[in-house]
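Novice: Task: produce atomic coordinates for the following.
(one chain, ligands or ions: 1)
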Amino acid sequence: MPDSLSRVNREVVACDRCPRLREWCSRIAREKVKRFRDHEYWGRPVPGFGDPKARLLVVGLAPAAHGANRTGRVFTGDRSGDFLFAALHRAGFANQAQSTDARDGLRLKDAFVTPIVRCAPPGNKPARDEILGCRDYLAREWALLSPRLRAVLVLGRVGMDGLLAMLRETGQLPPGRLAFGHGVTHDLAPGLRLFCSYHPSQQNTFTGRLTPRSFDAVLRKVARHLRGPNRQGGRTP
Ligand code: SF4
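Specialist: Reported below is the predicted structural model:
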């Protein structure tokens, strides 16, 4: 049977490859946090989300314990998601700025958002074997989305390392170091460009390391690139 995003999503949601992460997510969902004590937590792995015909892939790190692990949608219900989707909305990739829960009406246009690890890790730090164990889902999403992809936006160095490792392991990128830095870009293939940004975690947004203005500047570069010739040399209608 050919693979599909809905099949990947179903398998992600049912996945239990990482006992430490599954136990952690279930515990968080049981114990909750005071401000969300009346919420029913998702507590399961979180699949990617967005437009299946996207030309932009946004790669994050992992669900937040009381964000996506609560709401079941990537970058939803926490400050990082507020920052990210507001910016995607300003750039025209989202129909609204708010991302509060999985039924809030948010739709992405020409963008797909996915994490490299799909279960919330303790301290937001997945172990190496957990990153490796989850990589297959990213590889499958990539295989399904990549014929149309023109831009990849990595949110943070760990997300970038995870994406590049997957591309190298699957023979889609030669070995070699690619530098990470906010606003840095690399051409991965003709017409397919990688854009780097700091992760919109509170650690970065509260300290001013990442601001709406500096994030918008990266998204403007992405939009400019998408307006250029497509991977076959023509213009995308
Ligand atoms: S992190 Fe990924 S591989 Fe590990 S249990 Fe969650 S979905 Fe499965």
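
Novice: same question for the helix or strand harbouring residue 8, mean pLDDT?
Specialist: Taking DSSP states H and E as the criterion, residue 8 maps to helix 5-13. Mean pLDDT, helix 5-13: 98.

Novice: what's the following helix or strand after that helix?
Specialist: Remark: after helix 5-13, the chain's next helix or strand is helix 19-31, criterion DSSP H and E.

Novice: Surely residue 159 is in contact with residue 60?
Specialist: Yes: with contact defined as Cβ atoms under 8 Å, residue 159 counts as touching residue 60 (5.7 Å). Using the backbone N, CA and C atoms, a C-beta is placed for each residue, glycine as well.

Novice: Which residues are in contact with each of the two?
Specialist: Shared contacts of residue 159 and residue 60, defined by Cβ atoms under 8 Å, 6 or more residues apart in numbering, are found at 115, 116, 199.

Novice: so who does the second one touch?
Specialist: Contact criterion Cβ under 8 Å, 6+ apart gives 59, 60, 61, 62, 131, 134, 135, 138, 158, 159, 162, 163 as the residues in contact with residue 116.

Novice: The first one too?
Specialist: In this structure, residue 115 makes contact with 46, 48, 59, 60, 61, 62, 63, 68, 74, 159, judged by Cβ under 8 Å, 6+ apart.

Novice: ok, now residue 162?
Specialist: 59, 116, 117, 131, 135, 138.

Novice: Does anything pack onto the lengthiest helix in the chain? Which helices or strands?
Specialist: For the chain, the helix that runs over the most residues, judged by DSSP state H, is helix 128-145. Using 3 or more Cβ pairs under 8 Å, 6 or more residues apart in numbering; DSSP states H and E as the contact test, the elements touching helix 128-145 are helix 5-13, strand 56-60, strand 111-115, helix 157-169.

Novice: The last one relative to strand 56-60, how many degrees between them?
Specialist: Interaxial angle of helix 157-169 relative to strand 56-60 (axes from the mean of the first three to the mean of the last three Cα atoms, to 10 degrees): 120 degrees.

Novice: distance between helix 157-169 and the chain's centre?
Specialist: Centroid separation for helix 157-169 versus its chain: 13 Å, with Cα atoms, centre = their mean, to the nearest Å.

Novice: Tell me the buried residues in it?
Specialist: 158, 159, 160, 162, 163, 164, 165, 166, 167 (16 or more other Cβ atoms under 10 Å).

Novice: Same question for the third one.
Specialist: Neighbour counts using 16+ other Cβ under 10 Å place 111, 112, 113, 114, 115 of strand 111-115 among the buried residues.
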